[in-house]
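Q: Sequence and computational prediction follow.
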Amino acid sequence: MTSLSRNASGRPALASAGRMLSNALIVTRREVRDSFRDWRIMGPIFLLTLVFPLLANGMTNLFIGFFEANGAEPLLPALLPLLPMIVGFFPVSISLVIALETFVGEKERLSLEPLLATPLTNTELYLGKSFAAMLPPLLASYIGIAIYMGGLVFGGTQWRPAPTLVIQILLLTSVQALVMVTGAVVISSQTTSTRAANLLASFIIIPMSMLVILESVIMIQPHRRFVLWFLAVGLLVTVALLVRMGARIFNREELLGRALDQLNLRWIGRTFADQYRGEPGKRSLVRWYRMSIAPAVRALGAPAAVTGICLVAAFASGWLAAGSWPLPLDQFEANDAHLLENLQSWFELGRNNPNLVLAAVSQNLRVLALATLLAVFSFGTLALILVMIPFAITGFILAQVAAAGLSPVPFFAGILPHGVVEIPAIVLAGAAALRLGSIITRPPDGMTAGEAWIRALADTVKIGVGVVLPLIVVAGILEVTLTPRIVEFVLAR
Amino acid sequence: MIETYELTKRFGSFLAVDQITLTVEPGTIFAILGPNGAGKTTTVRMLTSILAPTSGWARVAGFDVVRNPTEVRARVGVLTEQHGLYQRMRAIEYLDFFAQLYHLPADLRHRRPLELMQHFGLADALDKRLGEYSKGMQQKLALARALLHDPAVLLLDEPTSAMDPQSARLVREAIRDLQRAERTIAITTHNLVEAQMLADRIAVIRRGRIIAHGTFDALAQRFIGPPLMELRAAHPLNGLADNLGGAVTVVDQGECWLRYHTANPAADNPALIRRLTGLGIEIVTLSEISRTLEDVYLQIVREDEGLERDDKSEP
């Protein structure tokens, strides 16, 4: 056999991959055969593949008649693509059920151990079971879509969907199946019972259902259907993250090492308390910062670097975007005297309202807390996006100022005095949120995903309390008291 | 061959297996005994490269369980405590599935499952779904699965549980055949009678540690003393037992019988017979009171519990 390269053991890499696939398919064949013998799986697949598309087809014809009777035919091209997606999604959603059954069901029935005792590698087992969970529902989904669309294409409607649209529907359906199966693997490895797995599966099925609604909203706006490509790419990135996470945690040790689905509140409480307690007899604030906070901050090195790069990229994107969407600054009354007048009225307001510091602090804290929360549900990505937005806006405005030939000095004077403190706080908070969201994709050696996440959460809270909060308070005080005076000084010159 | 050195496994702060060192030669049946939760299953899982040791090492069939897991698993046959059969599959499909996973050559893939099914008396149930199998049949099928690839090392967890006496004997004979074929066999079991019948060497594990290890005779000698003999006479002994001198240690006596320990039966018994015969006593029987592995095992566990209590009571 021709080999493209050789791996470390000297075996042809192509042959090795072929052997891996061949072994995985042994598992797949058995699992698929088993699924086909289970009426609880085959019943819904049959109904959703053959009966549901025909019902949907009949319903569509009723709608078409209704639209035509009421002179709304122009709406049909926008609405017709909606149902193929739904028809495709229902059978694909069964892949989640099969995946949970094949991974955690086997663990629950104790049939996994003999399989783990064979020469199969973890990857072969992972691939074999994933294929088995995905292939029958995906095939059913394609058949369902074909039956539904066939009825419209070859029936009285004579619908002629654009090839791009068909590709988008098939692509999204396939990627959704991938997300559900890879997500199910992650869930399965965290539980020992199908009951617990089914409960956790709502973390997959609910977002996926919402995604399908979002896709439908986009689908009925033909000029915005290009967004579906971005959604597909986003889903593929999610799949990549879930595969990475699954490959990490789908191993013999993790599968058999976990005994019970129990929330160890005592351990969680101890983990959190340990962040603040310190050694008996040696408790002091200075020691806490030195022994507990400093190592936690140092551990944020890589996420902080990623966050910093993203913030710079956001600033640059904002700057570049300014060229495409110029502001009418020529209509902006931008003389320094006018700005100074506005600023002085702002000072007056501040003098009479000391709560402005509190407002500035609470606004920043709200945003960072929201970023942390979103990080949990998005592997950290949404936290990054949220903290990037102000930097993109800053880049955008600064580029407009520069393009209009205005002096950037007052602008910098309005940002930097408190920004010197606030920006590091944002970088740290963003990095901690990114780590919190992403740590489950690659927990440290010897830790389960849950343990790693709880420890990361404890670190995040500690850094939030010990570093970010004080910095944000200082930045808030500076923002209300010092920054306006510096701007005033700059403008007065 | 199985070799381990200070094999240790921790789950978080729980020490499941604590520095187990042992060697099992080919052609040996090695029984691992111990209470529930003692660490037997974890040890077997490490020897099968399913769990990685926290420290120490193990070599099975010449391969390191951490560095060569695939090679180890290809050479080990495992009978797990729970058979975990696929209930919707037919027996022949089930064995064929595992034959594929073990990469048996095509001719063997078809022949070997049939041979094993025949051997274990399951030939009539080839096409039955496994959900219809009785517990004993499932046990035999699981054993057939473990033997499918003719492994060099066999790790058997309760090999005859749930079997009727006839099937259990069949399985024991199969295990002895494998021993004669120079396979290395480790059995974990609570069936002490079976362990005594089969095992050449025995290890007792408690709290993750091997607390006793050796042949049955050596363990019996160490934990319940030298062999116990019973002598029965035709007539009352009339206090003769007190005048036997230091030849043997009498531990119990009745009107016409006495029991004594002897560290050297080959020398002491003939001497005693000569002496009693010389005194005109007619001996009806002289036999060894059989000592069971259960007695030995319970004594081993009792002593270890005592040590544990002492450890805890120390300040």
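A: Structure's in. What do you need?
Q: So which bits of chain B are right by chain A?
A: With CB under 8 Å from any CB of the partner chain as the criterion, chain B meets chain A at residues B:11, B:45, B:48-52, B:70-71, B:73-74, B:76, B:78, B:80, B:82-89, B:93, B:97-98, B:100-103, B:142, B:145. C-beta coordinates here come from the backbone N, C-alpha and C atoms, glycine included.
Q: Keep only those of those that are in helices.
A: Among those, the members falling in helices (DSSP state H) are B:45, B:70-71, B:73-74, B:93, B:97-98, B:100-101, B:142, B:145.
Q: hmm, which of the residues you listed are the buried ones?
A: Among those, those classed as buried by 16 or more other CB atoms under 10 Å in any protein chain shown are B:45, B:71, B:73-74, B:93, B:97-98, B:100-101, B:142, B:145.
Q: Would you enumerate the residues in contact with A:Phe226?
A: Listed by CB atoms under 8 Å, 6 or more residues apart in numbering or on different chains, the contact set of A:Phe226 is empty.
Q: quick one: the strands in chain B?
A: Here chain B has its strands, by DSSP state E, at B:2-11, B:14-24, B:29-33, B:55-60, B:63-64, B:76-79, B:153-157, B:184-188, B:201-206, B:209-214, B:228-233, B:249-253, B:257-261, B:283-288.
Q: weakest of those strands by average pLDDT?
A: Across these, strand B:249-253 has the smallest mean pLDDT, namely a mean of 83.
Q: Compute the inter-axis angle for that one and strand B:228-233.
A: Counting by axes from the mean of the first three to the mean of the last three CA atoms, to 10 degrees, strand B:249-253 lies at 60 degrees to strand B:228-233.
Q: Strand B:249-253 - contacts with which helices or strands?
A: If you count contacts as 3 or more CB pairs under 8 Å, 6 or more residues apart in numbering or on different chains; DSSP states H and E, strand B:249-253 packs onto strand B:257-261.
Q: by contact count, what packs against the strand it packs on?
A: Secondary-structure packing of strand B:257-261 (3+ CB pairs under 8 Å, 6+ apart): strand B:228-233, strand B:249-253.
Q: Endpoints of stretch B:121-133, how far apart?
A: Terminal residues of stretch B:121-133 lie 13 Å apart, using CA to CA, to the nearest Å.
Q: Okay, buried residues for it please.
A: Residues of stretch B:121-133 classed as buried: B:122, B:125, B:129-130, B:133 (neighbour count, 16+ other CB under 10 Å).
Q: next one: stretch A:103-118
A: A:103-108, A:111-118.
Q: Over to stretch B:155-163?
A: For stretch B:155-163, a neighbour-count test (16+ other CB under 10 Å) marks B:155-160, B:163 as buried.
Q: likewise stretch A:315-324?
A: Neighbour-count burial for stretch A:315-324, counted by 16+ other CB under 10 Å, picks out A:315, A:318-319, A:322.
Q: Return only those of those found close to chain B.
A: Checked against chain B using CB under 8 Å from any CB, the buried residues of stretch A:315-324 give no members in range.
Q: May I have the residues that are in contact with A:Glu108?
A: Counting by CB under 8 Å, 6+ apart, A:Glu108 makes contact with A:192-194.
Q: swap that for B:Leu33, please
A: When contacts are counted by CB under 8 Å, 6+ apart, B:Leu33 touches B:40, B:188-190, B:192, B:195, B:202-205, B:293, B:297.
Q: Neighbour count added to these, as a markdown table?
A: Putting those into a markdown table (neighbours: other CB atoms under 10 Å in any protein chain shown) gives the following:
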| residue | neighbour count |
| --- | --- |
| B:Lys40 | 23 |
| B:Thr188 | 24 |
| B:Thr189 | 21 |
| B:His190 | 14 |
| B:Leu192 | 19 |
| B:Ala195 | 22 |
| B:Ile202 | 25 |
| B:Ala203 | 23 |
| B:Val204 | 24 |
| B:Ile205 | 23 |
| B:Leu293 | 23 |
| B:Tyr297 | 22 |
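Q: Taking these together, which two end up most distant?
A: For the contacts of B:Leu33, the maximum inter-member distance is 15.7 Å, found between B:Lys40 and B:Leu293 (CB to CB).
Q: In chain A, where's the longest helix?
A: Assignment by DSSP H; longest helix in chain A turns out to be helix A:122-154.
Q: Show me which positions of it end up buried.
A: A:122, A:124-138, A:140-149, A:151-152.
Q: which secondary structure elements does that helix contact?
A: Checked by 3+ CB pairs under 8 Å, 6+ apart, helix A:122-154 has helix A:13-36, helix A:39-46, helix A:52-69, helix A:82-100, helix A:163-189, helix A:227-249 packed alongside it.
Q: looking at those, which is closest to chain B?
A: helix A:13-36 (4.8 Å; CB to the nearest CB).
Q: and the angle for the closest one with helix A:39-46?
A: 100 degrees.
Q: Report the separation between A:Leu171 and B:Val24.
A: For A:Leu171, the distance to B:Val24 (CB to CB, to the nearest Å) stands at 56 Å.
Q: who has more neighbours, these two?
A: B:Val24 (22 against 16; other CB atoms under 10 Å in any protein chain shown).
Q: returning to what we had before: give me whichever of the helices and strands packed on strand B:257-261 is most buried.
A: Mean neighbour count (mean count of other CB atoms under 10 Å in any protein chain shown) peaks for strand B:228-233 among the helices and strands packed on strand B:257-261, with a mean of 18.
Q: how about it as CSV, C-alpha atoms only?
A: Below are the C-alpha coordinates for strand B:228-233, written out as CSV (Å, rounded to 0.1, in the frame of the first residue of the first chain):
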residue,chain,number,x,y,z
LEU,B,228,-4.2,-31.5,63.2
MET,B,229,-4.4,-35.3,63.6
GLU,B,230,-7.2,-37.4,65.1
LEU,B,231,-6.5,-40.7,66.6
ARG,B,232,-9.4,-43.1,67.5
ALA,B,233,-8.8,-46.2,69.7
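Q: Return the distance of it from the chain's centre.
A: Offset of strand B:228-233 from its chain centre (CA atoms, centre = their mean, to the nearest Å): 30 Å.
Q: List the pairing partners of that strand within its sheet, with orientation.
A: strand B:257-261 (antiparallel), strand B:283-288 (antiparallel) (DSSP bridges).
Q: Quick one: those strands as CSV, columns for mean neighbour count too.
A: Listed next are the strands paired with strand B:228-233 as CSV, based on neighbours: other CB under 10 Å:
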stretch, mean neighbour count
strand B:257-261, 19
strand B:283-288, 12
